[in-house]
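> How does the following fold in three dimensions:
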Amino acid sequence: MNREYDVLVAGEINPDLILSGDVEPAFGQVEKVVDSAVLTVGSSSVIFACGAARLGLRVAFIGKCGDDLFGRFMLEEMRKRAVDTSPVIVDPLLSTGLTVILNKGDDRAMLTFPGAIGALRADEIPNDLLRRARHLHVASYFLQDALRPGLPGLFRRARALGLTTSLDTNYDPTERWEGLDQLLPLTDVFLPNATEACALTGVPDVEEAAARLARIVRVVAVKLGAEGALGVQGEQMARVPSLPVAVVDTVGAGDNFDAGFLYGYLHGWPLERALRLGTVCGALSTRAAGGVAGQPTLDEVLTYLG
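This next block holds a predicted model:
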């Protein structure tokens, strides 16, 4: 399919402020000193978009942000990473969201100001934009409050216009895991992690959870963290190990897995090889703080695939 974009991402726009060191707050007007503070690209959707562009996919992004410091920072960072931000809706009445990440060793806590994160609506994504892309990707399902009700209709429109679709729900802060019954049958590639897959299906075994999801979705790729990834496509199930690396920060590892896996999917790779590409992208992204600083190029990833 000869179209302008390989992937159109519809998602949230917010930076991450990552504080590392002794970050556990002490109230009572106590001031603590931390080791580092980094303002970097945040949001699952944007990290994915930057990772996909880094691999060489042609990526466009539609979302909403405010006409403020955080919004301008995010748009500039996306443009520097070859993501087309021309479809983004800048609304001066909104404030761009922000996530503060408290990084403590191999654990972290997150504080999020939603701002414009949940403001994009499905009816603000025109067919003319969809026609320019081969594939539509959506992440942070449970955070995108205005987009969520219209997603089944958006995925139907996309498929009718010849696009394939993918979804990464990310975690549900309410832990109810509701609302996906109409959307999953319209999803070509589903990209949960193990916790999300088991929560959505109500079964504790990740292989059984993936198999159940694959009865609804064409391709399921489940992220297993340090244990690698598991994929199901039809009757085929594949499992691949992770790539051992010296981990600096795991923020965005799952989004970078998504970028790698979808690169393979869009290029018609076999399931196992696409999973391997995803796991390598996810692992290499943990070499630096934040979700984008360690994102690999395709040439770099291919050296690990053989």
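
> Quick one: the helices in this protein, in order.
All helices of the chain, identified by DSSP state H, fall at 44-54, 69-80, 127-130, 151-160, 194-201, 206-214, 253-266, 271-284, 298-305.

> for the ones you listed, which one ends up most surrounded?
helix 44-54 (a mean of 28; mean count of other Cβ atoms under 10 Å). C-beta coordinates here come from the backbone N, C-alpha and C atoms, glycine included.

> Helix 271-284 and that one, what's the angle between them?
Helix 44-54 runs at 110 degrees relative to helix 271-284, counting by axes from the mean of the first three to the mean of the last three Cα atoms, to 10 degrees.

> what helices or strands is helix 44-54 leaning on?
Helices and strands touching helix 44-54, by 3 or more Cβ pairs under 8 Å, 6 or more residues apart in numbering; DSSP states H and E, are strand 5-10, strand 59-62, helix 69-80, strand 83-84, strand 133-139, helix 253-266.

> List the contacts of the shortest one.
What it means is strand 83-84. Residues outside strand 83-84 that contact it (Cβ atoms under 8 Å, 6 or more residues apart in numbering): Tyr5, Val46, Ala49, Cys50, Ala53, Arg58, Val59, Ala60, Phe61.

> Include distance to Leu224 and mean pLDDT when you put the helices and strands packed on helix 44-54 into a markdown table, please.
What follows is these, written out as a markdown table (distance: least, Cβ to Cβ, whole Å; pLDDT from 0 to 100):
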| stretch | distance to Leu224 | mean pLDDT |
| --- | --- | --- |
| strand 5-10 | 24 | 98 |
| strand 59-62 | 26 | 98 |
| helix 69-80 | 29 | 98 |
| strand 83-84 | 28 | 98 |
| strand 133-139 | 18 | 98 |
| helix 253-266 | 10 | 98 |
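
> Serialize the ones you listed to TSV and add fields for distance to Thr286.
Below are those laid out as TSV (distance: least, Cβ to Cβ, whole Å):
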stretch	distance to Thr286
strand 5-10	22
strand 59-62	22
helix 69-80	19
strand 83-84	21
strand 133-139	18
helix 253-266	5
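
> Of all those, which one is nearest Thr96?
Comparing the helices and strands packed on helix 44-54 against Thr96 with Cβ to Cβ, the closest turns out to be helix 69-80 (3.9 Å).

> circling back: out of the contacts of strand 83-84, flag the one nearest to Asp249.
Distances from the contacts of strand 83-84 to Asp249 were compared by Cβ to Cβ; the smallest belongs to Cys50, at 15.3 Å.

> what residues are up against the spatially closest residue to the closest one that is not a sequence neighbour?
Closest residue to Cys50 in three dimensions, ignoring its sequence neighbours and counting by Cβ to Cβ, 6 or more residues apart in numbering: Arg81, at 4.4 Å. When contacts are counted by Cβ under 8 Å, 6+ apart, Arg81 is found next to Val41, Cys50, Ala53, Arg54, Val292.

> And those residues, which is closest to Phe113?
Scanning those for proximity to Phe113, where the rule is Cβ to Cβ, the winner is Val41, at 16.4 Å.

> is it true that that closest one touches Asp16?
Yes: with contacts counted by Cβ atoms under 8 Å, Val41 reaches Asp16, the gap being 7.2 Å.
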